[in-house]
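# Quick one, what's the 3D model for this:
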Amino acid sequence: MKATCLISDLREMPGFAATAADRVWRAWWKPNGVPLAALRARLDESLGPAVARVPSSFVAHRDGAFLGTAALIASDVEARPELTPWVAALWVEAGERGQGIGATLVAHAAKAAFAAGHERVYLCASAANAPYYLKLGWTRIEADVDGLDIFVLEPEA
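I've put the predicted structure just below:
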């Protein structure tokens, strides 16, 4: 049985920044021809002072090993700039999936948004991944916005 993972703000674990950037870049940015340096520059924005909490990046780790990442960013869908903030870029290492690490990362990022005073937080996902977020308690508010479904989460009463 594997030990429980820890979730940390990337500001506290900057040694994971290159790995987090690489995984997110390979999953979503590289296929669209965006250079790794462009993704790394956006990730590095979350290494600044934690005053506003947006942007922030979080990493899951165990015994010094990177397990996954998620981000809290201002906007993730160009067609909906009025919606903010967003949980984005969820990634869990292939061998670590199915253990609740992704759900823990998503919950951690959402709680950071609520702690910063936001009344709701958003995320987008493909229709194929929608059931995962619905199971986590997110509510779909729009379907097929530039090929993605949009979800919202509000803090528990």
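# quick one: the helices in this structure?
Taking DSSP state H, the helices of the chain run over residues 17-24, 36-45, 101-115, 130-135.
# Distance to Ala70 and mean neighbour count for the ones you listed - can I get that in a markdown table?
For every residue, glycine as well, the C-beta is placed using N, CA and C. Shown next, in a markdown table, are those (distance: least, C-beta to C-beta, whole Å; neighbours: other C-beta atoms under 10 Å):
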| stretch | distance to Ala70 | mean neighbour count |
| --- | --- | --- |
| helix 17-24 | 9 | 20 |
| helix 36-45 | 12 | 15 |
| helix 101-115 | 4 | 20 |
| helix 130-135 | 12 | 14 |
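# which stretch in those has the least confidence?
Mean pLDDT values for the helices of the chain show the minimum at helix 36-45, a mean of 93.
# any idea how far that one is from the chain center?
Here helix 36-45 shows a centroid-to-chain-centroid distance of 14 Å under the convention C-alpha atoms, centre = their mean, to the nearest Å.
# Same question for stretch 42-49.
Its chain's average C-alpha position is 14 Å from that of stretch 42-49, according to C-alpha atoms, centre = their mean.
# Mind giving me the packing neighbours of the worst-scoring helix or strand of the chain on mean pLDDT?
Scoring the helices and strands of the chain by mean pLDDT, DSSP states H and E places helix 36-45 at the bottom, with a mean of 93. Helix 36-45 sits against helix 17-24, with contacts defined as 3 or more C-beta pairs under 8 Å, 6 or more residues apart in numbering; DSSP states H and E.
# Which other helices and strands does the helix it packs on contact?
Packed next to helix 17-24, using 3+ C-beta pairs under 8 Å, 6+ apart, are helix 36-45, strand 56-62, strand 65-73, strand 86-92.
# Among these, which comes closest to Ile150?
Judged by C-beta to C-beta, the one of those that comes nearest to Ile150 is strand 86-92, at 9.2 Å.
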